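Chemist: Compute the structure for the input listed below.
(2 chains)
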Protein chains: 2
Amino acid sequence: MTAIEICDVGPRDGLQNEPEVLAPELRAALANRLALTGVARVEAASFVRDELVPQMAGAEQVAAALEARDGVIFAGLVLNRHGYERLRATALAEVHATFAASETFQRRNGGSSVAEGLARTAAVIAAAHADGRRATVTISTAFGCPFEGRADPMQVLDLVARCAAADADEVVLADTIGIAVPTEVRRAVERARTTRLPVGVHLHDTRNTAVACALAAVEAGATLVDASVGGIGGCPFAPRSTGNVATEDVVYALEREGVQTGVDLDALIRVAEWLERTLAHPLPGKVYRAGSRP
Amino acid sequence: MTAIEICDVGPRDGLQNEPEVLAPELRAALANRLALTGVARVEAASFVRDELVPQMAGAEQVAAALEARDGVIFAGLVLNRHGYERLRATALAEVHATFAASETFQRRNGGSSVAEGLARTAAVIAAAHADGRRATVTISTAFGCPFEGRADPMQVLDLVARCAAADADEVVLADTIGIAVPTEVRRAVERARTTRLPVGVHLHDTRNTAVACALAAVEAGATLVDASVGGIGGCPFAPRSTGNVATEDVVYALEREGVQTGVDLDALIRVAEWLERTLAHPLPGKVYRAGSRP
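Modeler: Residues are numbered from 1 along each chain as shown, chains lettered A, B, ... in the order given. Next comes the predicted model:
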């Protein structure tokens, strides 16, 4: 039986895109609740400039309020060495660095070229390793970008190879705009695995393909799936919902297909219910509303 | 390249579950708009008792307002010979008969045993054929039921064989409660095809598995996929959303995977946008909100 890891990115990629700003204590409470459900990892904080992303302000306070738990890794997102220096002062065991495959997207979101984003990532990896931390690299817009359209699979493979050369511990292919279909994801994972790096996927359910893509990724040998409890990060009432796929929805499909995630689905559904009450609006996820059984 | 047929059930299974009752003229307008998008079939009306399902009252008026179009079949749902007699007086070319695989569900929803539901269906098929009409049979709760849990695959196969023996032109396996995962659907379609009947699937996206299941069904040789424009039939604001999968979402995934549906996706998205304005609330579908391209 296949076994994979789930990384819940709700406290970071989810809450980052919520209109309401939650206090660091509440974001840590979400991460701590998730850690009790059996997910392997929780992306708990983002070390970016507070004025740029007020939803993520106070990352150090979030990190300080996390309750260590055997078998669960708390990770933080950083974009550069400066962010890493902030993370270094915390107990977070894993660094998630990221850059985009698309020049336009990287320019607008990362303020640099793709090459510079890769160089910053390499510097973060080196610093993390010097401190004994694992470094996962997420390549965003790995399937398409709002500005440049479809991604070039060979360019993405080249970037994966450069991450491997920079000694990343793992690479995650992100469908940032939710454009991918399963065959594309299957091939991208297969190609990325030729670098011998462990490969993960980060899927947005913008066009209702994320569960199918997650299943295809795992079939192709992906060992990590990012997802966001309740599917937060894209509001169902927004004109163009762009949310992360809901963790419960991914876990339901994977477990029913015989893939072990280690997650207690009913416990996870209770976290989504708590989060719905906390955010005071329905979340985009489906399984937490329908329940795990007939 | 694989080619399959899409049957949009929005004017029937979709509107039947909307709180607002639309006038027959408006239901026919929806069906006529759908017929212009390239879908092979539209389930346009339901010949059930008006007092039981007020959303479907005036089926004859709906049928009379349909505009015949080459390459598009308008179908009507009937549950028994009485319903068929009403349909017989219309120009509808195809009959959709249905019964449940679950005794409890069939008792509650059809007021009979499964055996009696099958017998009624056989009578409808015979009457339809005597009039030169095609008859498709949908087996509801073919994967699971709210009262009896998971369906028994061998019992479902037996029911498919009985439909074949009753001379059905096609059988549709319905995941009425949206519980199925792709491997189950693949196997169920493969088993049903051993009867040599053309096989379709009718999927609800209750647990976010419907797109993955539709892809698996088509891989397994299904030649028909039911879906509902905009995903109507399950409100995103209801505590337990049970909607049909959105036709646009299915068409997006199938076409991107190289399966020809004959549907103009952008035209279909415009119908969903019109329907959203008509119903005055957001619809559960995702592709119509996100658009078909980056």
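
Chemist: which residues of the stretch 101-250 of chain A fall in helices?
Modeler: Taking DSSP state H, counting those that start in this stretch as the test, the helices found in the stretch 101-250 of chain A are A:103-110, A:114-130, A:153-165, A:182-193, A:210-219, A:247-256.

Chemist: Columns mean pLDDT on top of these, output as JSON lines?
Modeler: Listed next are the helices of the stretch 101-250 of chain A as JSON lines, based on pLDDT from 0 to 100:
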{"stretch": "helix A:103-110", "mean pLDDT": "94"}
{"stretch": "helix A:114-130", "mean pLDDT": "98"}
{"stretch": "helix A:153-165", "mean pLDDT": "98"}
{"stretch": "helix A:182-193", "mean pLDDT": "98"}
{"stretch": "helix A:210-219", "mean pLDDT": "98"}
{"stretch": "helix A:247-256", "mean pLDDT": "98"}
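
Chemist: of these, which approaches residue A:270 most closely?
Modeler: Closest to residue A:270 of these is helix A:247-256 (CB to CB; 10.1 Å). Every C-beta, even on glycine, is put in place using the N, C-alpha and C of the backbone.

Chemist: can you tell which of the helices of the stretch 101-250 of chain A is closest to residue B:250?
Modeler: Across the helices of the stretch 101-250 of chain A, closest to residue B:250 is helix A:210-219 (CB to CB), at 10.9 Å.

Chemist: could I have that closest one exported to CSV, CA atoms only?
Modeler: Below are the C-alpha coordinates for helix A:210-219, written out as CSV (Å, rounded to 0.1, in the frame of the first residue of the first chain):
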residue,chain,number,x,y,z
ALA,A,210,-7.3,19.2,-8.0
VAL,A,211,-8.6,15.9,-6.6
ALA,A,212,-8.1,14.1,-9.9
CYS,A,213,-4.6,15.7,-10.2
ALA,A,214,-3.7,14.7,-6.6
LEU,A,215,-4.6,11.0,-7.4
ALA,A,216,-2.6,11.2,-10.6
ALA,A,217,0.4,12.7,-8.8
VAL,A,218,0.5,10.0,-6.2
GLU,A,219,0.1,7.3,-8.9
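
Chemist: Report whether it contacts chain B.
Modeler: Yes. Against chain B, helix A:210-219 shows contacts by CB under 8 Å from any CB of the partner chain at A:211-212, A:215.

Chemist: the inter-axis angle of that helix versus helix B:247-256?
Modeler: Counting by axes from the mean of the first three to the mean of the last three CA atoms, to 10 degrees, helix A:210-219 lies at 30 degrees to helix B:247-256.

Chemist: on that earlier part again, export the helices of the stretch 101-250 of chain A as a markdown table, with columns for mean neighbour count.
Modeler: A markdown table is the format used below for these (neighbours: other CB atoms under 10 Å in any protein chain shown):
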| stretch | mean neighbour count |
| --- | --- |
| helix A:103-110 | 18 |
| helix A:114-130 | 19 |
| helix A:153-165 | 18 |
| helix A:182-193 | 21 |
| helix A:210-219 | 27 |
| helix A:247-256 | 27 |
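
Chemist: Redo these as TSV? Include distance to residue B:251.
Modeler: What follows is these, written out as TSV (distance: least, CB to CB, whole Å):
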stretch	distance to residue B:251
helix A:103-110	27
helix A:114-130	33
helix A:153-165	24
helix A:182-193	15
helix A:210-219	14
helix A:247-256	21
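
Chemist: ok, now which ones touch residue A:12?
Modeler: Each residue near residue A:12 by CB atoms under 8 Å, 6 or more residues apart in numbering or on different chains is listed here: A:43-46, A:56, A:76-77.

Chemist: quick one: secondary structure of the residue lying closest to it once chain neighbours are set aside?
Modeler: Spatial nearest neighbour of residue A:12, excluding adjacent residues (CB to CB, 6 or more residues apart in numbering or on different chains): residue A:43 at 4.3 Å. Secondary structure state of residue A:43, per DSSP: H, G, I helix; E, B strand; the rest coil, is strand.

Chemist: Next, count neighbours for the residue of the stretch 51-200 of chain A found nearest chain B.
Modeler: Scanning the stretch 51-200 of chain A for the residue nearest chain B gives residue A:181, at 4.2 Å (criterion: CB to the nearest CB). Residue neighbour count, defined by other CB atoms under 10 Å in any protein chain shown, stands at 23 for residue A:181.

Chemist: for the closest residue to it other than its chain neighbours, what are its contacts?
Modeler: Counting by CB to CB, 6+ apart, residue A:181 lies nearest to residue B:256, which is 4.2 Å off, once chain neighbours are set aside. Residues counted as contacts of residue B:256 (CB under 8 Å, 6+ apart) are A:181, A:184, A:209.

Chemist: residues from the stretch 101-250 of chain A in reach of chain B?
Modeler: A:144-146, A:148-150, A:177-179, A:181-184, A:205-209, A:211-212, A:215, A:236-237, A:239-242, A:245-246, A:249.

Chemist: Can you select the buried ones among those residues for me in ChimeraX?
Modeler: Buried residues among these (16 or more other CB atoms under 10 Å in any protein chain shown), as a ChimeraX selection:
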select /A:144,145,146,148,177,178,179,181,182,183,184,205,206,207,208,209,211,212,215,236,241,242,245,246,249
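
Chemist: residues contacting residue A:172?
Modeler: Neighbouring residues of residue A:172 by CB under 8 Å, 6+ apart: A:96, A:136-139, A:199-202, A:224, A:226.

Chemist: Would you reformat those residues as CSV and include neighbour count?
Modeler: Formatted as CSV, the contacts of residue A:172 follow (neighbours: other CB under 10 Å):
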residue, neighbour count
A:96, 28
A:136, 28
A:137, 27
A:138, 27
A:139, 29
A:199, 24
A:200, 26
A:201, 31
A:202, 28
A:224, 21
A:226, 30
